[in-house]
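Asks: This is a predicted model, with the sequence first.
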Amino acid sequence: MWNDKYAILTSWFDEGDYSLMQHLGLKGFIVSHILLDNPIVLKTLTILAFLVVSWISMPVWSFALNRILVSGQFWGAWNSWSKVVHAAFPLKLVVAQFAWKFGAGKFEELVGWMRGLIIDWECRIFEEMVPITVGGVEEESEEIIEEVNFEEEETEFDYDQYDE
């Protein structure tokens, strides 16, 4: 309701005395500006990571697929899956479309999960790097702390009143 009046986001995340970005350093800049501000970069890195993991695990997948294709159980079920193999092309297209949509939805979930992890990482960087006071108000805050008396008064509590 009030961010159009005070421009908090532009003062915190742009250039200026109160900017939080001036304290982040190179690691914070990469995480904040490159990974989180550019969704294309995050999706590209996710695809590259998936391809690398697929390439590394290719011998396992190849062995498993070969064992399935030469198994008696697979060829014993020929009557069940032969109908799909010999189905009309439009049906195969619809099945491929459903598979693509399912895969794209799971990919978006994976990117969202990774984005959440990177946001948590960015928050930890902010907590480590940004000082408690930003913008030269340290002298004022020290004066306020000196003026406030933080001594706690000890009060005795009468527990006997609850014994009844």
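Replies: Everything's here; your move.
Asks: Which helix or which strand is home to Phe126?
Replies: Per DSSP states H and E: Phe126 is located in helix 89-129.
Asks: Averaged pLDDT, that helix. What do you get?
Replies: Averaged across helix 89-129, pLDDT comes to 91.
Asks: which other helices and strands contact that helix?
Replies: Applying 3 or more C-beta pairs under 8 Å, 6 or more residues apart in numbering; DSSP states H and E, one finds that helix 89-129 contacts helix 25-29, helix 39-56. Where C-beta positions appear, they are placed from N, C-alpha and C, glycine not excepted.
Asks: what bits of the protein have low per-residue confidence?
Replies: 1-23, 131-164 (pLDDT under 70).
Asks: mind running it again at 50?
Replies: When residues are selected by pLDDT under 50, those of the chain lie in 1, 149, 151-152.
Asks: related to what we said a few turns ago, and the angle for the helix holding Phe126 with helix 39-56?
Replies: Orientation note: helix 89-129 sits at an angle of 110 degrees relative to helix 39-56 (axes from the mean of the first three to the mean of the last three C-alpha atoms, to 10 degrees).
Asks: circling back: redo the helices and strands packed on helix 89-129 as CSV? Include mean neighbour count and distance to Phe98.
Replies: As requested, the helices and strands packed on helix 89-129 are arranged in CSV below (neighbours: other C-beta atoms under 10 Å; distance: least, C-beta to C-beta, whole Å):
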stretch, mean neighbour count, distance to Phe98
helix 25-29, 13, 41
helix 39-56, 12, 21
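Asks: Throw those into a markdown table and include distance to Leu110, thanks.
Replies: Shown next, in a markdown table, are those (distance: least, C-beta to C-beta, whole Å):
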| stretch | distance to Leu110 |
| --- | --- |
| helix 25-29 | 23 |
| helix 39-56 | 6 |
